[in-house]
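# Have a look at this prediction, sequence included:
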4 protein chains.
Amino acid sequence: MSRVRLGMVGGGQGAFIGAVHRIAARIDGKFELVAGALSSNPERAAASAAELGIAADRSYASYEEMAKAEAARPDGIEAVAIVTPNHMHAGPAIAFLNAGINVICDKPLAATAEDAAAIKDAVAKSKARFILTHNYTGYPLIRQAREMVARGDLGKIRIVQAEYAQDWLTEAADPSNKQAEWRTDPAKAGGGAIGDIGTHAFNLLSFVTGLKTEALLAELHSMVDGRRVDDNAHIMLRFEGGARGMLWASQVAVGKENGLSLRIYGDKGGIEWNQENPNVMTFAKFGEPKQLITRGGAGLGGGAGNWTRIPPGHPEGYLEGFANIYNDAADLIRGSGDGALLPDITSGLDGMWFISACQESSKANGAWVKKT
Amino acid sequence: MSRVRLGMVGGGQGAFIGAVHRIAARIDGKFELVAGALSSNPERAAASAAELGIAADRSYASYEEMAKAEAARPDGIEAVAIVTPNHMHAGPAIAFLNAGINVICDKPLAATAEDAAAIKDAVAKSKARFILTHNYTGYPLIRQAREMVARGDLGKIRIVQAEYAQDWLTEAADPSNKQAEWRTDPAKAGGGAIGDIGTHAFNLLSFVTGLKTEALLAELHSMVDGRRVDDNAHIMLRFEGGARGMLWASQVAVGKENGLSLRIYGDKGGIEWNQENPNVMTFAKFGEPKQLITRGGAGLGGGAGNWTRIPPGHPEGYLEGFANIYNDAADLIRGSGDGALLPDITSGLDGMWFISACQESSKANGAWVKKT
Amino acid sequence: MSRVRLGMVGGGQGAFIGAVHRIAARIDGKFELVAGALSSNPERAAASAAELGIAADRSYASYEEMAKAEAARPDGIEAVAIVTPNHMHAGPAIAFLNAGINVICDKPLAATAEDAAAIKDAVAKSKARFILTHNYTGYPLIRQAREMVARGDLGKIRIVQAEYAQDWLTEAADPSNKQAEWRTDPAKAGGGAIGDIGTHAFNLLSFVTGLKTEALLAELHSMVDGRRVDDNAHIMLRFEGGARGMLWASQVAVGKENGLSLRIYGDKGGIEWNQENPNVMTFAKFGEPKQLITRGGAGLGGGAGNWTRIPPGHPEGYLEGFANIYNDAADLIRGSGDGALLPDITSGLDGMWFISACQESSKANGAWVKKT
Amino acid sequence: MSRVRLGMVGGGQGAFIGAVHRIAARIDGKFELVAGALSSNPERAAASAAELGIAADRSYASYEEMAKAEAARPDGIEAVAIVTPNHMHAGPAIAFLNAGINVICDKPLAATAEDAAAIKDAVAKSKARFILTHNYTGYPLIRQAREMVARGDLGKIRIVQAEYAQDWLTEAADPSNKQAEWRTDPAKAGGGAIGDIGTHAFNLLSFVTGLKTEALLAELHSMVDGRRVDDNAHIMLRFEGGARGMLWASQVAVGKENGLSLRIYGDKGGIEWNQENPNVMTFAKFGEPKQLITRGGAGLGGGAGNWTRIPPGHPEGYLEGFANIYNDAADLIRGSGDGALLPDITSGLDGMWFISACQESSKANGAWVKKT
């Protein structure tokens, strides 16, 4: 199939997640980056575009201009990746959706409920697709785990233990650290650890278990003096059907690099997975020796083998998991896939509820907040 | 030094924890088991005593008789191990304390607050010592961790993540399983997972961090139909000084054998330890590569080396950790140690508060319950 | 910089390593695949080219034709990836070298000593560069290990334990398995486990330690009845300066997926690394706690951070390691790098010596064979 | 049953392995230490005996005196533990065997072939039993592995990879280190790493696989200047039936504490076990997910459950494995067990062959030496 023509908003020189999106889009060769509004700084935008091989006339000064111009071109972009800070998602997302261009947006959905609602409306009115890059759902063993839960390998789910712990904000952030700056600014980020990483963990447990959340209870903290957002969150979850869960998100847990883990226990079996070594997962059937399930490994059938490029024992990582989101997106856009596994606006709104419910519960001294 | 003369109440044939106490008492050769009221069944008591080499005239039909007779002998026992189910701790504990005989009692302290208070009073009035076998505090690396926290290696503690997960009660217990029978009977156990294993986790985190608990919040469950005690407990903790914690205790987490783990994060460092591989612990100083601390291993100085019998790389386990409690007890009784690390009546009362606070909070839909 | 124009010989539909090379070339966006002789089957060649977006007029029926045509075009390819079976390396390698086009060739160098010598001659006469994809040298922590050895962190190297164990050839290969077919045919492969994976392990240990091999001794086996090449190899190594090593290569070690590991011990320190979890390495300084070195992690400085795309804790894998070879190749071709870390003809000839010396030693009942 | 009356030769204050034997003998309560010739230094002998509760009149100045006196007592010892350095095994072993007293002797059998032959003769003539403490065979999972191999779970064994690596002799030994002193003295030890630890690894692989060794080939080294025994040994093994093996023993591998590991691969399955975390073993059946077998864990049946004291998840260690040897010895002596798993004189002679064959092969530049 021909490559999907891709544009990007944000992600200019010095950005982090933009580069990740670009690699993810390149890995399987299904996208071609042809346009961008890579920075609000015109010089940086131009330099970044040149570096990336984007033609000068398709490097735009603003996303509004870009949406308009690209929609008008016969060879205009078919999808746009939005990789700006959270408070700058809604603007471009709505503009491109309105222009009929598919949107691949970084998470969380937005910095405010108002922004989220506006995106929701735009999605409802647009024929274009909206995809949210909860990239961890792209890990093959996560998709395998989802299959195993769905087909009953674990029995009825009882307990979910999720955590996402890092340590990079252990100390007050250096003001020159651009990543830390906006991620610890409530106006730009909307939340701290709960938004930046907690939403990933919440999305991941929902994706794998299929459980519907009934309510949550949270205790948010700012462990570092002067920090204006939470950097540690302790959360309890109640799910429909009686399952119970805990979720811990932290950016001040010294020694944790990117410790996203998921553990699920049903009345027949349990699985445990850790993002830092994502090519292996344990699976215990009650009363039998525990198994080490490997990505694409022996005796699995279906599952993870579908979203993997190389044989078991050849580790894939974060970028390949991210690439699976882009791969599915390309297939969806080209009509060769249904995008059934792709996180979408619903995932995004669930994440927004998660953030606001944590904040509400914590302010109310740990009261349970029901899912809306 | 001469061996400490030891008696035992409970622990007859078929019992589990009694055999563990006996091995723990034997490992370092500082005790001699010479008397017992090993079973309420006279035949089993006699047979058990014979098997253990206890003279027939020192195998008693009841603990009352035993306390009286042993206190009257010039070569009477100097300490008694109480290894009965929880609801049968108070009777013998008080009888031996009143008789001036040192008590080594299994945990938790009791099945009811009334029993606990009665033991407390007896301890206050007795010249004898009361030791509670929160045996996990005997692990060398746990004591090392306590030292490291105390000397500031981790800085100010911010976060404590404790868990104790098993799977042996995943299904409704077989009525013939004696261990399961009393441990799932509220009248005999006093609590389910929170008492049987949760108190261990709570004791352990307090022992290592030295933090004083301010309040807790809990959600208790019985995942198995018809079970009369909790088999899964999700708990949040607030500590004086601002640290926050989570504690998970479960007996229905499929694949978990005896998954007691402790993770502690301060503003300078973090440590992680898991009971199933207790001879290694990770220690991260912020901004430096993580270290693998081994029991008695290179570069530590002091610490774990003091409570270990064999060189690093030669694993010690559960029994040696338990033996460290007995070892300290013998030294205390003989006057060659101060027993400073031994769990005592205070630990026991803290555990009782923990159980009742979890039950109270859970009934109140997760309200915070302050430490008394 | 502009993308390097890349061609490929071999790697048509159904091939394995060709697809890996293409992903590796795409990840960092420095190559553009524009020409190919992808299969000796003309239909498959054309279909494969179309699928990959190669223009029809640059899909060639033979490498000879391709070398000639591309050399003549002003926009001809600047580099060619040779991903054919071993016995088909020499032909295209020499043709492109003679045409002045840089060659990126899969390993081992060739199936015969004659082929290897011919390639060597062509390299000597050509202004183009020859790069051999011993891709495991591209792993960031392997390069970090090399740095650590070079700067003396381990002291004088004493012992090297290398192994590369798989299990995919545990049973007689299915004749329809194209990968297994040529890899177990002595005429096409040149060797069995020693060539396919043993050369990787030998290259890797040489790359990291910088030690010069003095002699080796080998015992080769074919564990599967009827197999015509070795599937298990036990090898001892003597290095200049007195270090000693062992190398185990196997394709019949049940449970091993792609178990390449390297362990190096000097008089001051030791490191251990395993390809299946390549983002972490242990480093022990004698008399200190062992460290967990992570890819780009805390406290390293330089090293692995230079060859990594994402923060520590975000795992990179096999494809990113492979991409580092391509990345360095692009920089070398564009003049922005010196290619100092790239495996070249010398690595290839060392590998050929390794294969033949193992075969010679094994035939001589384990006699030592000196390095030539 | 009544306790077995035990004596000890060697193991006075400051010794290492004597204390280990005593703990091992105590753990299951089947022995009573009642006599000793604990040191050649009379004062240390007396003080050590007093400390251990041995009556003064049964603390002997020499093993000859002890053997004579104890054999004459109606309540004389039934077994003696010999825990002296290697060159002092034969004297007491023969004396006690001749006196009809069972011998539990530390490994290796002796420092010289002459001593070994003399012990062999004494065993042949005595009605008493001779047990060699290759204690690692007492680990429950090692015995489980032996069962699994015997019943064909792995199929026909093809490959055995054994290693025993430590680092405590990385530097020239401190002359005041008593352990290091005799273990690096050829006259007292008979060999270096090959005798002290290599024999353990060789015994272990033989015990588990049941394979008969056909020949070996070795390269021994002294990595530390001035050391008079080998401190690193690389060994290849040929077994009857076609299996092949490697064995690495080292005392200079920085970072290794007590790294004894065993990996066995057959045509149907493979197992891997490491002494430093002895409660878990991996088991791979070809074409199925790998299993984590735990000591006494779910789904095993028989096997390791027979030699374990506490439930899975409660780690046992080195001392409990050692205690299993003593436990079996007590059962053998009391007639309640057949001692079928106990290492005996044959194991000892195999170990002596192993040491001498390694030395002979290494001197002959790595020639194969056939098993006698």
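Perfect, thanks for sending it.
# which helices and strands sit right next to the top helix by length along chain A?
In chain A, taking DSSP state H as the definition, the longest helix is helix A:345-363. For helix A:345-363, the elements it packs on are helix A:113-125, strand A:130-132, helix A:199-209, strand A:213-221, strand A:232-239, strand A:369-370, judged by 3 or more CB pairs under 8 Å, 6 or more residues apart in numbering or on different chains; DSSP states H and E. Glycine gets a C-beta too; all of them are placed from N, C-alpha and C.
# Try it again at 6 Å.
If you count contacts as 3 or more CB pairs under 6 Å, 6 or more residues apart in numbering or on different chains; DSSP states H and E, helix A:345-363 packs onto helix A:113-125, strand A:130-132, helix A:199-209, strand A:213-221, strand A:369-370.
# Throw these into a markdown table and include mean neighbour count and distance to chain B, thanks.
Formatted as a markdown table, the helices and strands packed on helix A:345-363 follow (neighbours: other CB atoms under 10 Å in any protein chain shown; distance: least, CB to the nearest CB, whole Å):
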| stretch | mean neighbour count | distance to chain B |
| --- | --- | --- |
| helix A:113-125 | 17 | 25 |
| strand A:130-132 | 26 | 28 |
| helix A:199-209 | 25 | 14 |
| strand A:213-221 | 22 | 6 |
| strand A:369-370 | 15 | 11 |
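# got TSV for those, with distance to D:Phe283 too?
Compiled in TSV, these are given as follows (distance: least, CB to CB, whole Å):
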stretch	distance to D:Phe283
helix A:113-125	50
strand A:130-132	41
helix A:199-209	27
strand A:213-221	39
strand A:369-370	47
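# For D:Lys188, find the nearest of those.
helix A:199-209 (60.0 Å; CB to CB).
# In the longest helix of chain A, which of the residues would be classed as buried?
Neighbour counts over helix A:345-363 (16 or more other CB atoms under 10 Å in any protein chain shown) mark A:345, A:347-359, A:361-362 as buried.
# before we move on, what about stretch A:74-94?
Residues A:76-94 are the ones in stretch A:74-94 that count as buried (16+ other CB under 10 Å).
# before we move on, what about stretch A:284-297?
Buried residues in stretch A:284-297 (16+ other CB under 10 Å): A:284-286, A:288-297.
# Among those residues, which are located in strands?
Among those, the ones falling in strands (DSSP state E) are A:284-285, A:290-294.
# Could you single out the nearest of those residues to D:Gly337?
Proximity to D:Gly337 was ranked across those by CB to CB; first place goes to A:Lys290, at 31.9 Å.
# near chain D, which residues of chain A?
Listed as neighbours of chain D in chain A under the rule CB under 6 Å from any CB of the partner chain: A:287-293, A:298-299.
# make it 8 Å
A:282-284, A:286-294, A:297-300 (CB under 8 Å from any CB of the partner chain).
# Identify the intersection of those residues with the contact set of chain B.
A:282-284, A:286, A:290.
# just the residues you listed now: which is nearest B:Ala145?
Proximity of those to B:Ala145 (CB to CB) peaks at A:Thr282, which lies at 25.7 Å.
# give the contact list for the closest one.
A:Thr282 is in contact with A:270-273, A:290-293, B:255, D:292, counting by CB atoms under 8 Å, 6 or more residues apart in numbering or on different chains.
# farthest pair in these?
Longest span within the contacts of A:Thr282, CB to CB: A:Trp273 and D:Leu292, 14.9 Å.
# for the record, mean pLDDT for stretch A:125-145?
Average pLDDT, stretch A:125-145: 97.
# before we move on, the earlier item: relative to chain D, which of the buried residues of helix A:345-363 is nearest.
When these are ranked by distance to chain D (CB to the nearest CB), A:Ser347 comes first, at 30.2 Å.
# Could you report the neighbour count for A:Asp267?
18 (other CB atoms under 10 Å in any protein chain shown).
# The lowest-mean-pLDDT helix or strand in chain A packs against which elements?
Least confident helix or strand, chain A: helix A:178-183 with a mean of 83, by mean pLDDT, DSSP states H and E. Applying 3+ CB pairs under 8 Å, 6+ apart, we find helix A:178-183 packed against helix A:186-189.
# helices or strands up against the helix it packs on?
Helix A:186-189 packs on helix A:178-183, going by 3+ CB pairs under 8 Å, 6+ apart.
# which residues sit against the helix it packs on?
A:14-16, A:85-86, A:168-169, A:173-175, A:188-189, A:192, A:196, A:229.
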